[in-house]
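Visitor: What follows is a predicted protein model with its sequence.
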Amino acid sequence: MQSFAEELEQLRAQGLYRSMRVIQGAMGSRVELDGRPVLLLCSNNYLGLADHPELKRAAVQGAELGTGSGASRLVSGTMELHQRLEARLARFKGTERALLFNSGYAANTGIISALVGRGDAIFSDRLNHASIVDGALLSRANLHRYPHLDFDALEKLLQEKGGKGRRLIVTDGVFSMDGDIAPLDRLVGLARRYDALLMVDDAHGCGVLGATGRGCAELFGVQKGIDIQMGTLGKGFGSFGAYAAASGEICEYLVNTSRSFIFSTSLPPAVLAASLAAVDLVDSPEGARLRERLSSNTALFKKRLADAGFDTMGSETQIVPVFVGPAETTMEFSRALLERGIFVQGIRPPTVPAGSCRLRCTVMATHEAADLVEAADTIASVGRQLGVI
Ligand code: PMP
């Protein structure tokens, strides 16, 4: 039997070994790493809410109600704050109801494995997040993966596969490693035509995209055409957890069947209170200002990189990949940037296909424009040294 140490050694030899970097002190758009300040260019805290005074105040007040919820939702772990946050999210998303999950990962695995099962069919974009793939595997339904955004291929699969069982089309709203957006209007059309449920994972769109931050569905004006809108509270909303916004019927079904909802201790009051403050903030004029700032910061950063000759891989959002190719060069790139005060992670297999390794830069509303210009110029200078551009 091969030892774990040998396997780890193999990963190291392939340039695929992973380790964690420790941030000292507080979150922000600049953080302290190894005792010195660096520009944080790899956080999903897109609006900078994770260190917003209103969220922190709300969390402290929430903690007065207890540090833990003490039980799962169906036992004694449903507090008024769960109810209030679910009602607030449903109002925000314009759906009949919303249901909290403990994380986006728990939501995707729990929702998908509850809604479909043996004999049913799942149609999933090839670049969907790992938690969607895991949910599909857990469900034991037949999984049909279509090439990224290839809706002709999807339609062919919908015509040929699925039989009499339930059908579920599932897609990321914003693809997490490429930063492009799924054209949800087309998917809504296909779901209707082929009598399929449509689920959208809006982890990177909710709070951030659309005129009022309601996410990808708002961008395409298709809120009513999506059966399950999943969103996370740990990225744009700066808190923690996730939700499914859907009909009363679907939410009630999930309460009764979704294993990650049923069999896990519910979110604690401090987190719920911070999330409530986050939704209010996203839904306020300050939220609109932060989204505008994120959008102008993103445009500035992306243009500077493109002008330097980088391939940003069709990004349409604040997730800005910089194509590198080989794993070793990507990690060397990331190391060299850290030495120059820029914290950005290299992304390698199995997260992305071999040969398409990249730096995944993420822009925040709270970045200073001058810092982004300087960062783009430093990335260009290292990119030239490494022969990437
Ligand atoms: N879906 C997508 C598209 C994601 O990028 C992520 C987070 N990386 C998740 C789901 C999981 O969300 P969470 O981090 O809240 O578990």
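Guide: Yep, it's here. Residues are numbered from 1 along each chain as shown.

Visitor: and the residue of the stretch 1-150 of the chain found nearest the ligand, what does it touch?
Guide: For the stretch 1-150 of the chain, the residue closest to the ligand is residue 104, as judged by CB to the nearest ligand atom, at 2.1 Å. Using the backbone N, CA and C atoms, a C-beta is placed for each residue, glycine as well. By CB atoms under 8 Å, 6 or more residues apart in numbering, residue 104 lies in contact with 129, 131, 201, 203, 230, 232, 234, 242.

Visitor: can you pull the contacts of residue 32?
Guide: Residue 32 neighbours (CB under 8 Å, 6+ apart): 23-25, 38.

Visitor: If you rank those by neighbours, which is first?
Guide: Greatest neighbour count in the contacts of residue 32, by other CB atoms under 10 Å, goes to residue 38: 20 neighbours.

Visitor: Quick check: which element contains that one?
Guide: strand 36-40 (DSSP states H and E).

Visitor: okay, stretch 58-65 in PDB with CA atoms only?
Guide: Written as PDB, here are the backbone C-alpha positions of stretch 58-65 (Å, rounded to 0.1, in the frame of the first residue of the first chain):
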ATOM      1  CA  ALA A  58     -24.200  43.300  14.500                       C
ATOM      2  CA  ALA A  59     -22.100  40.200  15.100                       C
ATOM      3  CA  VAL A  60     -21.200  41.400  18.600                       C
ATOM      4  CA  GLN A  61     -24.800  42.000  19.400                       C
ATOM      5  CA  GLY A  62     -25.800  38.700  18.000                       C
ATOM      6  CA  ALA A  63     -23.300  36.900  20.200                       C
ATOM      7  CA  GLU A  64     -25.200  38.300  23.200                       C
ATOM      8  CA  LEU A  65     -27.800  35.700  22.300                       C
END
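
Visitor: Mind listing what's buried along the strand holding residue 38?
Guide: Using 16 or more other CB atoms under 10 Å as the test for burial, strand 36-40 gives 38-40.

Visitor: Stretch 375-389 too?
Guide: 375-376, 378-380, 382-383, 388-389.

Visitor: Repeat that for stretch 256-274.
Guide: 258, 260-262, 264, 266-274.

Visitor: Out of the residues you listed, flag the one nearest to residue 294.
Guide: residue 274 (19.8 Å; CB to CB).

Visitor: Report the next helix or strand after the host helix or strand of the closest one in sequence order.
Guide: Following DSSP H and E, one finds residue 274 within helix 269-282. Along the chain past helix 269-282, the next helix or strand (assigned with DSSP H and E) turns out to be helix 285-308.

Visitor: Pull out the buried residues from that next one.
Guide: 287, 290-291, 293-295, 297-298, 300-302, 304-305, 308.

Visitor: Quick one, grab the pLDDT at residue 289.
Guide: We have a pLDDT of 98 for residue 289.

Visitor: which ones are touching it?
Guide: Contacts here follow CB under 8 Å, 6+ apart; on that basis residue 289 touches nothing.

Visitor: Likewise for residue 274?
Guide: In this structure, residue 274 makes contact with 55-56, 58-59, 62, 238-240, judged by CB under 8 Å, 6+ apart.
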